[in-house]
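K.L.:
build me a structure from this.
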Amino acid sequence: MTAHKILVIDDSRVIRNMVRDMLPPENFEVLEAKDGVQGLEMVQKEKPWMIMLDFLLPKMSGYEVYEHIQQHPELSRIPIILMSGRKEEVTNKIPEPFEDKYLVFIEKPFEQRELLLAIKKAMTLAQRRPPVTGIGATTAPSTAPQGVDQNLIDRVAKLEAEIAKYEKLEEKIRTLEQQLVVQHKQLQQLVNFIKQKMQ
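P.N.:
From the prediction side, this is the model:
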């Protein structure tokens, strides 16, 4: 099975690396762009399966990139996840609900589970989007996720379940650590008590 190309357009190398680390390489091929101009060029050249777009970018803002994409019927069906550290900056330009514009918003910094949920939501929204009609408007199979890969949806769901198990395990470990600290204190008190009695 070929990996799905996700283009991450963000001027922060940390965010780009974080997304790459969060997504299993057997399912996703992560492409990177560090500014809006480079990002738009890569969208047109690569026609990725999904775009993760930072709202504040050098050279061309994320909003301008989004507007350019919407003007091209063959690109406008690519699912988009908008990223920003401040949601109000996004809502000043694009009013909520984002779903009406077939967008998913994710606030930075985000966890792996939030990213996977955003990807699933973006896939669902893209399926709901009406087909592009008009002169010269074609729906290229590489950009239109109409036949969304059910296998990929299942893998994302499985990954979410594994993360949930891992989080529960972490919670159990934290609880055990707290119990251990309490028992250590009690033991120390007992030792001190015995020492006092022996004096």
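
K.L.:
helix/strand/coil for the spatially most central residue of the chain?
P.N.:
Geometric centre of the chain, nearest residue: Leu115, 2.7 Å, by Cα atoms, centre = their mean. Of the three states, Leu115 takes helix according to DSSP: H, G, I helix; E, B strand; the rest coil.

K.L.:
OK, contacts around it?
P.N.:
Val19, Met22, Leu23, Ile106 (Cβ atoms under 8 Å, 6 or more residues apart in numbering). For glycine as for every other residue, the C-beta is placed from the backbone atoms N, C-alpha and C.

K.L.:
looking at those, which are in helices?
P.N.:
Judged by DSSP state H, these include Val19, Met22 as members of helices.

K.L.:
out of the contacts of Leu115, which two sit at the greatest distance?
P.N.:
Spatial extent of these (Cβ to Cβ) is set by the pair Leu23 and Ile106 at 13.6 Å.

K.L.:
with neighbour numbers in mind, choose between those two.
P.N.:
Neighbours were counted for Leu23 and for Ile106 using other Cβ atoms under 10 Å; Leu23 has more, 22 against 19.

K.L.:
any idea how far the more buried one lies from Arg113?
P.N.:
To Arg113, Leu23 is 12 Å away according to Cβ to Cβ, to the nearest Å.

K.L.:
ok, Asp11 next?
P.N.:
From Asp11 to Arg113 the distance is 25 Å (Cβ to Cβ).

K.L.:
next: Glu99.
P.N.:
For Glu99, the distance to Arg113 - Cβ to Cβ - is 20 Å.
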